[in-house]
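Undergrad: give me coordinates for this.
(chains A, B and C, ligands or ions: 1)
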Amino acid sequence: MLRIPCPYCGPRDETEFAYGGEAHIARPQNPATTTDADWADFLFMRKNPKGRHRERWMHARGCRQWFNVERDTVTHQIVTVYRMGEPPPETPR
Amino acid sequence: MSTQPFRLPRGGRIDRARPHRFIFNGRAYSGYAGDTLAAALLANGIHLVGRSFKYHRPRGIVTAGVEEPNALVQLGVGARSEPNLRATQCELYDGLIATSQNCWPSLRFDLGAINDRLARFLPAGFYYKTFMWPPSAWMQYEHAIRRMAGLGTAPEERDSDRYDKRLVHCDVLVVGAGPAGLAAALAAGRTGARVILADEQVEFGGSLLSGSAEIDGRPALDWVARATAELDWMAEAKLLRRATVFGYYDHNYLAIVERVADHLANPGEREPRQRLWKVRARQVVLATGAIERPLIFRDNDRPGIMLAGAARAYAHRYAAVPGRRTVVFTNNDSAYAAALDLIEAGGPVTTLIDIRAEPQGELADAVRAHGVEVIGGSAIVATSGRHRVKGVEVMRLTPDGTGVAGPVKYRDCDVVCMSGGWTPAVHLFSQSRGTLAYDSTHGCFVPSRAAQATHVAGICNGAWTLAECLRQGFTAGTAAARAAGFVEVAAAAAPPAPEPTATPPRILWAVPSDRAGTTSKHFVDFQNDVTVADIQLAAREGYRSVEHVKRYTTSGMGTDQGKLGNIPALGVLSDVLAADLPSLGTTTFRPPYTPVSFGALTGRDIDALADPIRVTPMHDWHVANGAIFEDVGQWKRPHFYPRAGETMRAAVDREVTAARTAVGILDASTLGKIDIQGPDAVTLLNRIYTNGWTTLEAARCRYGLMLKDDGMVIDDGVTTRLAPDHFHMTTTTGNAARVLGWLEEWVQTEWPDLRVYMASVTEQWAVATLSGPRARDVLAAAGTDLDLAPTAFPSQSMRQGAVAGMPARVFRVSFTGELSYEVNVPARCGGALWEALIAAGAPFGITPYGTEAMHVLRAEKGFIIVGQETDGTVTPLDLGLDRLVSKTKDFIGKRALLRPDTQRSDRKQLVGLLTEDPNEVLPEGAQIVVERRPEPPMPMIGHVTSSYFSPTLGRSIALALIVGGRARHGETLCVPLLGKTVKVEVAESCFYDRDGARANG
Amino acid sequence: MADRTQWGSPLDAASWPPRGIFATVRFEERPFVGKLILRGSADTREFLDVSRAVLGFALPTTANTVAVDGDLAALWLGPREWMVTTTPEREADIAERLCRALVGQHAAVTDVSDGRTVIRLAGPSARDILMKGCPLDLHPREFVPGRCAQSQLARAQIILHQIDETPTYDLYVAPSFARYLWAWLVDAAAEYAIA
Ligand SMILES: [Zn+2]
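TA: Numbering: from 1, shown residues only, chains lettered A, B, ... in the order given. Here you go, the predicted structure:
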């Protein structure tokens, strides 16, 4: 079980969190003028990398805040966490 | 009762003042407190303890620890009975009852032993080759195989024991309390760090308990006692004995099972039998020791053939000698030390056979000085004795070790102590995803690179001397504490522990024999009866991957997970394939290190505590009034309230009819409720719901549909405007938390500029719904300051006031199609409100109704239930709810409704179904076809989503999703069921009061 | 809500076991504690000032801490969320004063007095019992009086507030989960039972 450092509450067990999928997926500004293909891409296409992955988590059983996590999908190492709206920090490889 | 003929007159760590009686296979024996079952059996001269898995060969005790492959017993009787326990780990208590497994009708005479003679018909992979065809027969084969192979019997009674579970955090977890682990714990503990030291044995000391080593010029156990006393004194050190760390998971999360009361004849009633510790450690020190390997020679599995280190442990620690004439067979030094210990304890050793040529040095001299015959450069080529080894045949090895030559020497014996070297117990390190490196000198894998905050110390890290184990232990403990932020005031040096100089082992994986083609009796995996020949066969048949060979031969797949045989099996495979051993890799180590009982894993999460049972403030009334409950998520909701002698159907019909003709009352407290406040609340609702909210006036209610961005319906409910920037949203019972999370997600991640706050008020309010033509009368009779006149309190509106003296929000919304009031009061008043309404409603025939009647009532009206009419693939257009989809504003899911997929004309659409036979109630989920063909396949065009008998209409009704359904009105379709076909007519999805006059009156 | 005879709390049903007497821990329900969810931005001076004026003390801005003054307390629940607790029946007054003072600000007050009940655990074994089902590190080095946290206990979501070093804890739980959690606590405390 992962230990995830909530940027507000500090490290807590994974059971307190909800996973929210890939981070930084921009919702098209104007859905009405977005093509079917682009809309489908926004809805359905997700990265599935082996290695570093930026994703969203919510501290569901804690402070209920959404935040971003950069996690290595191979080692489960959590490289960094940062709040919503913050740019991803530079992380050493 | 037998005496203990093999018990030494003195010595050992047993308590001779506390004799224990026990029963093994129906016979009574005696032993002492401090014995294991295996030690007590050996003290009584019992070696034969089981039959092997496949060939039912007689098997004896091989080890003195967790790695035991043979001595598996069924312990206890009745509810406490437990199968597959290792006799080497069962602490003896007075009255213990154990039986052998895998033998029938008895241990000494076992019918299954015929398999041994048929061995050539049961090669590796025989399951796959013999029993897989025809496929239909596999079930029968499997049944027979399981009975023959039986690994103990699962108890049929309820487990009467308690199990505890707890979480614990620490700075440093030290696994293993041998010399390295104790040193690590001391070093870490002295810094003030929170330390947990866990060891699977009864007492700390590890290998030191079984030998005669010295530390600092005194017996090593003195040092163990001092170290333990110091740790005991540390406020922040937690010492766990009888505690096996069985799993090493991500982020230094480890699981320990502590056997709290397994060793007690009469455990306390409130005391747990076992406790599961879930540990989150900042740093971990693994000092897990090493496991001795057997030598793989012909007939190496006879009772009496055991590991040299085990014989040493029995003699030294338990004062039980395994036999009177001992032959030692080794490829390394450790068996010499074992031989010396055995001799000193009083167990004669006659001959020592060493694979290495010309044994020299201190140890060899010492053994010879005791009159032991030392035969170098030789090997055991055969053994004899059926229920107990009687003798060995010895020949000289050829220089390259692949063959034997020269005359055969016979040596009588009753015990063979073998040692094929030591395998570091890297299981936990490997579970943590640390990488391993091959040590070709010692023929084993050692930890290489840690993947987590892990330190390794002692022989499990390739420290082959006691002094090095201690040194590594202190170093690792200090380093772990420092990494956790704790620094020792004064560094402690490891005490000296001199040992004789070592001669390296000679690795010879399969010991040759003079009999050609007979490697079928060189056992590699004792528990699963895997031989050298099986591995050779797998290689011949083309298996190269060690993972495949493992599965094909079943080597390492027993309950011992190949603790003895995995490395020798790998060695044999590398010989056959002429490949470098490390290039073959190792099989994956997975938790648990040793089997863990379901009880320990489950803990107290059973029965009523298996999952939370959520109840409403009115629950006790429902119970007292005979409600039958339905699980809705974790909620217990009244399903219906049968009167004496009433069937479910009769009760539901009565409840529905009451709501249609008089008045019913429903506990709707479980409805999800969200308080939404802020100047942008209405903007949020406009974006979240498909319909528009801007024009909703204060104190008015509106039904809304929520979609995901893919256009599919995820929730629905009524939302009420309490004030210009204050709303009260309701959600489906099962979706309350999900919808709140959904709103938070959008507000926090996509629209952080929206000035709006949400709070869950699901449980703040208890809700009683009055529904039926007399609902207004009941509310009035209960006493209210609200003006209930339809003009003053119209449909789709909310009023705040007093009901029966309680502060209430009353919502005039209807899910039944009848005049309805949802009366909300603070949860503390829920019980009182319910009773007040029941009392006030008595003159009007008020009838409590449950979720089943609620479903019938809404289905008569064609109202959907999210999760029943929808399944994540249904759009509002599919449901025929186009009128709720705004054309003018944007909302979540709108764009997706224009995708080609959601625009398809052949999408499934919601319709009503009327069966030809009005009394036929279709099963929900039934498939619908245009025409029944004699045989499948036939195109399925939809399925039944809801189906009930409607007492209002006096006939059955159903809702269904059907391809192009709305264009099929009036068509007759078929529902094929087992043994019959039901004809149905497609109809409107609303069956009753289509213009809604009843609810709006 | 003056008529207290109409009140019921989730754990007060006389018919409802289980109870137990434990040597080193005591549980009791503290029903009807006043509870308000207060939302607003700690980055806004005005919001903090107004809250302080009404409550008489500053809202805690350090995550997972509690500010207490007399019978009023404010628990940090999130970066823009607090729970204000008070004695039964005082919550309406506090809510009204907060609402009035916060008019015109982006803030919200919601009465959730009935949305959670409080179980108080006190005694030397209280910490051990909580650690049987709570993933927080409650060791005195890590969690001290004046700390609070939203987390879980067994399978229920809770707000935990440590009151003193006995240790005493207040455990806020939704009423629908209260009986489950109480039964779980009684079972978890079994090894400390004396009757
Ligand atoms: Zn948090």
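Undergrad: contact residues of chain A facing the ion?
TA: Counting by CB under 5 Å from the ion, chain A comes close to the ion at A:6, A:8, A:9, A:59, A:62, A:63. To be clear about C-beta, it is placed using only N, CA and C from the backbone, and glycine gets the same treatment.
Undergrad: which of the residues you listed fall in helices?
TA: Per DSSP state H, helices hold no members of the residues of chain A next to the ion.
Undergrad: let me have the residues you listed in CSV, extended by neighbour count.
TA: Output for the residues of chain A next to the ion, formatted as CSV (neighbours: other CB atoms under 10 Å in any protein chain shown):
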residue, neighbour count
A:6, 20
A:8, 18
A:9, 22
A:59, 22
A:62, 26
A:63, 24
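Undergrad: now tabulate those residues in CSV and tack on distance to chain C.
TA: Output for these, formatted as CSV (distance: CB to the nearest CB, whole Å):
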residue, distance to chain C
A:6, 9
A:8, 5
A:9, 6
A:59, 8
A:62, 5
A:63, 4
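Undergrad: from these, which two are the most distant?
TA: Maximum pairwise distance among the residues of chain A next to the ion (CB to CB): 7.8 Å, between A:8 and A:62.
Undergrad: do the helix ranked longest in chain C and chain B meet?
TA: As assigned by DSSP H, the longest helix anywhere in chain C is helix C:175-188. Yes. Helix C:175-188 reaches chain B (CB under 8 Å from any CB of the partner chain) through C:175, C:176, C:177, C:179, C:180, C:181, C:183, C:184, C:187, C:188.
Undergrad: and which of the residues of chain A next to the ion is nearest to residue B:664?
TA: Within those, the smallest distance to residue B:664 is 41.1 Å, found for residue A:62 (CB to CB).
Undergrad: distance check, that closest one against residue B:739.
TA: Going from residue A:62 to residue B:739 by CB to CB, to the nearest Å gives 19 Å.
Undergrad: dump the residues of chain A next to the ion to JSON lines, plus pLDDT.
TA: Output for those, formatted as JSON lines (pLDDT from 0 to 100):
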{"residue": "A:6", "pLDDT": "98"}
{"residue": "A:8", "pLDDT": "97"}
{"residue": "A:9", "pLDDT": "97"}
{"residue": "A:59", "pLDDT": "97"}
{"residue": "A:62", "pLDDT": "96"}
{"residue": "A:63", "pLDDT": "96"}
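Undergrad: can you list which of the residues you listed are found in strands?
TA: Members of the residues of chain A next to the ion lying in strands (criterion: DSSP state E): residue A:6.
Undergrad: which single one of the residues of chain A next to the ion is nearest to residue B:435?
TA: Using CB to CB, residue A:6 comes nearest to residue B:435 of the residues of chain A next to the ion, at 31.1 Å.
Undergrad: where do the helices sit along chain C?
TA: According to DSSP H, the helices that chain C contains are C:45-55, C:91-101, C:126-131, C:175-188.
Undergrad: adding distance to the ion, write those helices out as CSV.
TA: CSV is the format used below for the helices of chain C (distance: least, CB to the ion, whole Å):
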stretch, distance to the ion
helix C:45-55, 21
helix C:91-101, 24
helix C:126-131, 19
helix C:175-188, 21
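Undergrad: in chain A, what residue comes closest to chain B?
TA: residue A:31 (3.6 Å; CB to the nearest CB).
Undergrad: who are the packing partners of the host helix or strand of residue B:727?
TA: Using DSSP states H and E, residue B:727 falls within strand B:726-731. Contact partners of strand B:726-731 among helices and strands, from 3 or more CB pairs under 8 Å, 6 or more residues apart in numbering or on different chains; DSSP states H and E: strand B:672-677, helix B:681-688, strand B:713-723, helix B:736-745.
Undergrad: just the angle for it relative to strand B:713-723, thanks.
TA: Using axes from the mean of the first three to the mean of the last three CA atoms, to 10 degrees, the direction of strand B:726-731 lies 150 degrees away from that of strand B:713-723.
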